[in-house]
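In: okay, predicted coordinates and the sequence, questions at the end:
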Amino acid sequence: MLEKLQNSRNALGLIFMLPAAVLLLLFLTYPLGLGVWLGFTDAKVGRPGEWIGLENYIYLWGDSVTRLALFNTLFYTVVASVLKFFLGLWLALLLNRNLRFKSFFRAVILLPYIVPTALSAIAFWWIYDAQFSILSWMLMKMGLIDQYIDFLGTPWNARLSVIAANVWRGVPFVAITLLAGLQTISPSYYEASAIDGATPWQQFRHVTLPLLTPIIAVVMTFSVLFTFTDFQLIYVITRGGPLNATHLMATLAFQRGINGGALGEGAAIAIAMVPFLLAAIMFSYFGLQRRTWQQGGADK
Amino acid sequence: MSQDSESSGMDFLETTRRKWVVVYIPMLVFLIVLLFPFYWMAITAFKPNNELLSSDGNPFWIIAPTLDHVKHLLFKTSYPQWMWNTVLVSAVATFFSLAASVFAAYAIERLRFSGAKHTGLAIFLAYLVPPSILFIPLAAVVFQLGLFDTRLALILTYPTFLIPFCTWLLMGYFRSIPFELEECALIDGATRWQILMKIVLPLSVPGLISAGIFAFTLSWNEFIYALTFVSSSEIKTLPVGVVTELVEGDVYHWGPLMAGALFGSLPVALVYSFFVEYYVSGMTGSVKE
């Protein structure tokens, strides 16, 4: 009887899993494997490739544009993630205060995150326009600059401009998830530490931050993951230019694999991102995971 | 929000002036920076060309608002068609992903078939696979299946990020439903199907709304698959259409571009504004372990 129940449970489980499993196996697992295989071939659009071993990777390692793209991606990810973290934490702390119109603020702040990135990226492109930039106009009126800034024209300007757009889009996500974490911290900790004479900084450092660490780890893992693999912002604002200064791995993979038709090479660039992503996940998993004392255990 | 009244307990220690400097002014700066691009989008969409291109006067205001850019968008481009494609693809992909996710989440969380735990983990890992490492081989798959340049290609590939997300979210919701309810129903002779339909689903309506809203916005905002798998103008989705077809040559038509961006953003913003709480709970719920 028990065995029968167990059996039907397994059978039913299988049936219930079927639609999701078929779709994911066919359009996620299989392409992932295919991508790894394509990376080892010289496949072109409309021509199945032949196995060429590590040739793609060796070529890419010596290719200055790929190296530049890797540097750009790392720079973009590190700078944007650090900024998103600090600004997001600051915003979360502000929103956690007893503010008037708090729910209105919280709702409005998420707008950059929910609006299609490709479309807000167009707005940034317009804001960064070399001739009509509103930022340049404002700075001119304030007398801070004497000629319009070429936001997207020089390598470093362009890098910083796209990072600013990425931070703009990512801060709300970090802030709102950290706010959810902040709201789970019991106010009695703050009252107790205030009675013991803790300054606001000490309260933040020794109460808020330790209790927030687990959620910070998760949020930042997601943030790093999606910043490292970003595509839309760059594709819309700079297309990788000027002089490939803003090409990320994803946009380079698109340019070589889809526009250039070199599927094998494009797949190799995309697959080359995987070790970095795994490293980021491992780092946040082992480096920032819940310590025993946060669960009430002894300090190590 | 019972915590609010408690945490305000010590607020009397803070002077009003200090609160302005420490809280309200930074908050205001955040708000202005985060919302400015939308204001700029909206103002450009209704500003006549001569005002757009003149450098004197106040650029933050419009002297003679115009609907020319909107008209251009509606009658001289395929914008309405892109809008319709996006609605269609997003709605269908969301519906099927949600249905598949309900079954998958129920099977993993409640049927506990052998291997359920590993399946749950696999779903989470699938959620971490970014589209930008999948799109090249996926393009090959789409091509092999003869789906290139069809809406079906998008409807079938969007679930690769929707199903993991929705399943993960719904697993959390199902976990919060007491086992006792199901046990009672089992004793009364209900089948698993009846339990799912009559007990579990009605109790997880908020979770379904969160997952649905989130999935809809994710599909609406999707870019890289829609850019790669579709090439004809009449099949393009809105973000791709605006980016690839409204940009012509070296002369940028900022008016129509901004109008396109504005009206492409409004539907998600509207859906979002009606369901803010569900959206936020979906977002924070998906991140929780």
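Out: Happy to help now that I have it.
In: where does the prediction get shaky in chain A?
Out: A:1-7, A:287-300 (pLDDT under 70).
In: please go through it and pick out the longest helix.
Out: Ordering each helix of chain A by length in residues (DSSP state H) puts helix A:64-95 first.
In: backbone phi and psi for the residue lying closest to residue A:154 once chain neighbours are set aside, please?
Out: Counting by CB to CB, 6 or more residues apart in numbering or on different chains, the nearest residue to residue A:154 once its immediate chain neighbours are dropped is residue A:242, at 6.6 Å. Heads up, the C-betas are built off the backbone N, CA and C, glycines and all. Listed backbone geometry of residue A:242 is phi -80, psi 140, with angles given as degrees, to the nearest 10.
In: does stretch B:152-159 come close to chain A?
Out: Yes: Stretch B:152-159 lies in contact with chain A when judged by CB under 8 Å from any CB of the partner chain; the contacting residues are B:156, B:157, B:159.
In: what's the distance between residue A:200 and residue A:22?
Out: Look at residue A:200 and residue A:22: by CB to CB, to the nearest Å, they are 55 Å apart.
In: same thing with residue A:259?
Out: For residue A:259, the distance to residue A:22 under the criterion CB to CB works out to 32 Å.
In: cool, and residue B:136?
Out: The gap separating residue B:136 from residue A:22 is 22 Å, by CB to CB.
In: so the two - more neighbours on which side?
Out: Comparing residue B:136 with residue A:22 by other CB atoms under 10 Å in any protein chain shown, the one with more neighbours is residue B:136, at 30 against 11.
In: element containing residue B:146, please.
Out: Assigned by DSSP states H and E, residue B:146 falls within no helix or strand.
In: quick check on it: phi, psi?
Out: Per-residue torsions, residue B:146: phi 70, psi 30 (degrees, to the nearest 10).
In: residues near it, how many?
Out: Other residues within reach of residue B:146, judged by other CB under 10 Å, total 10.
In: show me the contacts for residue 87.
Out: The chain I'm using is chain A. If you count contacts by CB atoms under 8 Å, 6 or more residues apart in numbering or on different chains, residue A:87 has them with A:167, A:171, A:174, A:175, B:30.
In: that's the wrong chain, I meant chain B
Out: Applying CB under 8 Å, 6+ apart, we find residue B:87 in contact with residue B:267.
In: and the gap between it and residue B:162?
Out: Here residue B:87 is placed at a distance of 16 Å from residue B:162 (CB to CB).
In: for residue B:214, same thing?
Out: Separation of residue B:214 from residue B:162 (CB to CB) stands at 9 Å.
In: cool, residue B:194 as well?
Out: When CB to CB is the yardstick, residue B:194 and residue B:162 sit 27 Å from each other.
In: neighbour count for the two, which is higher?
Out: Neighbours around residue B:194 and residue B:162, counted as other CB under 10 Å, are more numerous at residue B:162. The numbers are 26 against 13.
In: could you measure that one against residue B:93, distance?
Out: As it turns out, when the distance is counted by CB to CB, residue B:162 lies 6 Å from residue B:93.
In: cool, residue B:266 as well?
Out: Using CB to CB, we find residue B:266 at a distance of 20 Å from residue B:93.
In: just the closest residue of chain B to chain A, please.
Out: Per CB to the nearest CB, the residue of chain B with the smallest distance to chain A is residue B:113, at 2.7 Å.
In: doesn't that residue lie inside a helix?
Out: No: with the criterion set as DSSP: H, G, I helix; E, B strand; the rest coil, the secondary structure at residue B:113 is coil rather than a helix.
In: contacts only, for the residue of chain A found nearest chain B.
Out: Among the residues of chain A, residue A:13 lies nearest to chain B; the distance is 2.7 Å by CB to the nearest CB. Contact partners of residue A:13, counting by CB under 8 Å, 6+ apart, are B:107, B:111, B:112, B:113, B:116.
In: skipping adjacent residues, who's closest to it in space?
Out: Leaving out its chain neighbours, residue A:13 is closest to residue B:113 (CB to CB, 6+ apart), at 2.7 Å.
In: hang on, the earlier thing: can you tell me which of the contacts of residue A:87 are in helices?
Out: Secondary structure from DSSP H places A:167, A:171, A:174, A:175, B:30 of the contacts of residue A:87 in helices.
In: give me the phi and psi for residue B:253.
Out: Per degrees, to the nearest 10, the backbone of residue B:253 is at phi -90, psi 80.
In: ok, it touching residue B:246?
Out: Yes: between residue B:253 and residue B:246 there is a contact under CB atoms under 8 Å: 6.7 Å.
In: could you dump the one helix or strand residue A:136 maps to to PDB, C-alpha only?
Out: Taking DSSP H and E as the criterion, the element that holds residue A:136 is helix A:134-141. As requested, C-alpha coordinates have been extracted for helix A:134-141 and formatted as PDB (Å, rounded to 0.1, in the frame of the first residue of the first chain):
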ATOM      1  CA  ILE A 134      21.400  68.300 -21.100                       C
ATOM      2  CA  LEU A 135      24.100  67.400 -18.600                       C
ATOM      3  CA  SER A 136      26.600  69.500 -20.500                       C
ATOM      4  CA  TRP A 137      24.100  72.300 -20.800                       C
ATOM      5  CA  MET A 138      23.500  72.300 -17.100                       C
ATOM      6  CA  LEU A 139      27.200  72.300 -16.300                       C
ATOM      7  CA  MET A 140      27.800  75.100 -18.800                       C
ATOM      8  CA  LYS A 141      25.100  77.200 -17.200                       C
END
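In: what distance separates it from the centre of its chain?
Out: Relative to the centre of its chain, helix A:134-141 is centred 30 Å away, using CA atoms, centre = their mean, to the nearest Å.
In: likewise for stretch A:174-186?
Out: 19 Å.
In: now it: buried residues?
Out: For stretch A:174-186, the buried set under the neighbour-count rule, 16 or more other CB atoms under 10 Å in any protein chain shown, comprises A:174, A:175, A:176, A:177, A:178, A:179, A:180, A:181, A:182, A:185.
In: ok, stretch B:45-53 next?
Out: B:45, B:46, B:47, B:48, B:51, B:52.
In: so which of these belong to helices?
Out: Per DSSP H, helices hold the following members of those: B:45, B:51, B:52.
In: care to break the chain down by domain?
Out: Picked chain A for this. Listed by automatic domain parsing, the domain ranges of chain A are A:1-39, A:54-293.
In: please go with chain B instead
Out: Per automatic domain parsing, the structural domains of chain B span B:12-66, B:72-287.
In: name the element the most centrally placed residue in chain B belongs to?
Out: Using CA atoms, centre = their mean, the residue of chain B that lies closest to the mean C-alpha position is residue B:217, 1.9 Å off. For residue B:217, the enclosing helix or strand under DSSP H and E is helix B:205-221.
In: is that helix up against chain A anywhere?
Out: Yes: Helix B:205-221 comes into contact with chain A (CB under 8 Å from any CB), by way of B:217, B:220, B:221.
In: from those residues, which is closest to residue A:72?
Out: Proximity of the residues of helix B:205-221 next to chain A to residue A:72 was ranked by CB to CB; the top entry is residue B:221 with 23.6 Å.
In: related to what we said a few turns ago, just to be sure, the residue of chain A closest to chain B is in a helix?
Out: Yes: residue state for residue A:13 (three-state DSSP) corresponds to a helix.
In: touching chain A at all, stretch B:73-85?
Out: No: using CB under 8 Å from any CB, stretch B:73-85 never reaches chain A; the gap is at least 11.6 Å.
In: what residues sit buried inside that stretch?
Out: Under 16+ other CB under 10 Å, the buried positions of stretch B:73-85 are B:73, B:77, B:78, B:79, B:82, B:83, B:85.
In: tell me who's in contact with the first one.
Out: Right, residue B:73. With contacts defined as CB under 8 Å, 6+ apart, the neighbours of residue B:73 are B:79, B:256, B:259, B:260, B:263.
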